[in-house]
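> structure for the following, please:
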Amino acid sequence: MNLRTLALLSMVLAVAGCAADKKSPSAKAKKQAVEVQEGGFSDDVAFLQAHTDVVILKDRSGEGQVVVLPKMQGRVMTSSATGPEGLSFGWISRELIASGEFVKHMNPFGGEDRFWLGPEGGQFSIFFAKDAPFDLEHWFTPAAIDTEPWTLLGKTGHSATLEKNMQLTNYSGTVFDLRVSREIRVLDRNVALGLLGTTASAQVHMVAFESNNKVINTGTTPWTKDTGLLSIWILGMFNPSPETTVVIPYNAGAESELGPVVNDTYFGKVPEDRLVVKDNVMFFSADGQYRSKIGLTPQRAKNIAGSYDAQNKVLTIVQYSKPDNAVDYVNSMWQLQDQPFRGDVINSYNDGPPSPGAKPMGPFYELETSSPAAALPPGGSITHIHRTFHFHGPEADLDVIAKATLGTTLTEIKSALP
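Presented below is the predicted three-dimensional model:
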């Protein structure tokens, strides 16, 4: 999400409140962040069942459970690593869902794996009508990825397949006919650990799932750079805590060859006490108390990122399909662009008050991944796989997983930020 997007959503959803101190959240703010984590998975499931159709998927053990919502664009809303009474990992906007109403420009319902398409801004944007100004008044999320229900094609105890036909028109007037399919699949423990190349002790509880997202050009004309391309964009919204840190390994090397290490100026430069960049890994505060965002280009990004919540002892890993040598990723800046295909492949966002006295949109934090820009002939397709892993258990056991996947220790993560 960009600055203007969040300003709009905050105006729509905000109520009077206390602005968080940008570097040292108040005791009240910390207490509110703690309370976000105290709601159990069963409570969230009951709430969702009261407002929409719910599909619950389980792994072989029955402890790993995942909630899929067909009428809410097939998103994975939340999950648990220890069954009904476990922590609920996905952030949920109960107020918006309970209202039964849609807000005008975008509906931030929540969810730890939701489907969007890019680009958001630029001459090939699908969020602005042809020749519209790049401002809040003219920005609209396409209904197909915001409010319209998707079709549940089938389900088993551990998977669900959903589909949606769409027609979208970009800022330049190009019409895209497409079909999107999503298979959500819960991963059994051994499969998940194998994908990450690590092990876990019996004391570690876990839930893992993947979304296999496919876009097909169902039209009669090819999608080309001259008229604009689309990309698959998966966003995960998670509950923050005062002790949550996002961890992103990256490809080290000279800026002259690989470009800047990180884009940290989405909402103004991220303060030094909230983003620390070391030789091969960066640490970003995910406390839900200061609005900020970072992004990595395909030259810098690896196919993995994560976070650690030291307060609740939860290690989260996101893994995604990143094709070798792919460099064309859509650019979502709200302006006409000189380089519309030089966007980021992975992003992280930390929510917070948009202005003094305003309520944050969540609070939550995000881990986001994107596919390359899709230059598709008629009938052609592109696929993007996005996996989410949550591990909950003793720190000594979680440390083994952190080192194997993120290349750093829990001690380093916890001490990285001032």
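> residues near K214, how many?
Using other C-beta atoms under 10 Å, K214 has 16 neighbouring residues. For the C-beta atoms, the positions are set from N, CA and C on the backbone; glycine is no exception.
> and Y266, how many neighbours?
Applying other C-beta under 10 Å, we find 20 other residues in the vicinity of Y266.
> so it touches R291, yeah?
No. The criterion here is C-beta atoms under 8 Å, and Y266 misses it with R291 at 9.3 Å.
> shared neighbours, those two?
Common contact partners of Y266 and R291 (C-beta atoms under 8 Å, 6 or more residues apart in numbering): none.
> count the residues that sit near G154.
With neighbours defined by other C-beta under 10 Å, the count for G154 comes to 10.
> three-state assignment of it?
When classified by DSSP: H, G, I helix; E, B strand; the rest coil, G154 comes out as strand.
> excluding its backbone neighbours, what's nearest it?
Leaving out its chain neighbours, the residue that sits closest to G154 by C-beta to C-beta, 6 or more residues apart in numbering is T161, at 5.1 Å.
> helix or strand: which one has the one you found?
Assessed by DSSP states H and E, T161 sits inside strand 159-169.
> adjacent strands (with direction) for that strand?
Using DSSP bridges, the strands paired with strand 159-169 are strand 151-155 (antiparallel), strand 175-186 (antiparallel).
> quick one: contacts for N303?
With contact taken as C-beta under 8 Å, 6+ apart, N303 is in contact with 319-322.
> as a markdown table, these with distance to T199 and pLDDT would be great.
Shown next, in a markdown table, are the contacts of N303 (distance: C-beta to C-beta, whole Å; pLDDT from 0 to 100):
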| residue | distance to T199 | pLDDT |
| --- | --- | --- |
| Q319 | 16 | 98 |
| Y320 | 22 | 98 |
| S321 | 23 | 98 |
| K322 | 24 | 98 |
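> which ones among these map onto helices?
Using DSSP state H, no member of the contacts of N303 sits in helices.
> among the residues you listed, who's most crowded?
Neighbour max across the contacts of N303 (other C-beta under 10 Å) = Y320, 25 neighbours.
> now it, which residues is it bridged with?
Beta bridges link Y320 to H386 when assigned by DSSP bridges.
> ok, D309 next?
Note on D309: beta-bridge partners by DSSP bridges are T244, V314.
> please, where are all the strands along the stretch 101-250 of the chain?
114-118, 151-155, 159-169, 175-186, 205-217, 231-238, 244-249 (DSSP state E, counting those that start in this stretch).
> out of those strands, flag the one nearest D399.
Set against D399 and scored by C-beta to C-beta, the strands of the stretch 101-250 of the chain come closest in strand 244-249, at 12.6 Å.
> if we can go back for a sec, for the residue nearest to G154, give me its contacts.
When contacts are counted by C-beta under 8 Å, 6+ apart, T161 touches 152-155, 181-184.
> what subset of those residues is buried?
152, 155, 181-184 (16 or more other C-beta atoms under 10 Å).
> make a markdown table out of these and add distance to L336 and pLDDT.
What follows is the buried ones among the contacts of T161, written out as a markdown table (distance: C-beta to C-beta, whole Å; pLDDT from 0 to 100):
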| residue | distance to L336 | pLDDT |
| --- | --- | --- |
| L152 | 40 | 98 |
| K155 | 44 | 98 |
| S181 | 33 | 98 |
| R182 | 32 | 98 |
| E183 | 37 | 98 |
| I184 | 37 | 98 |
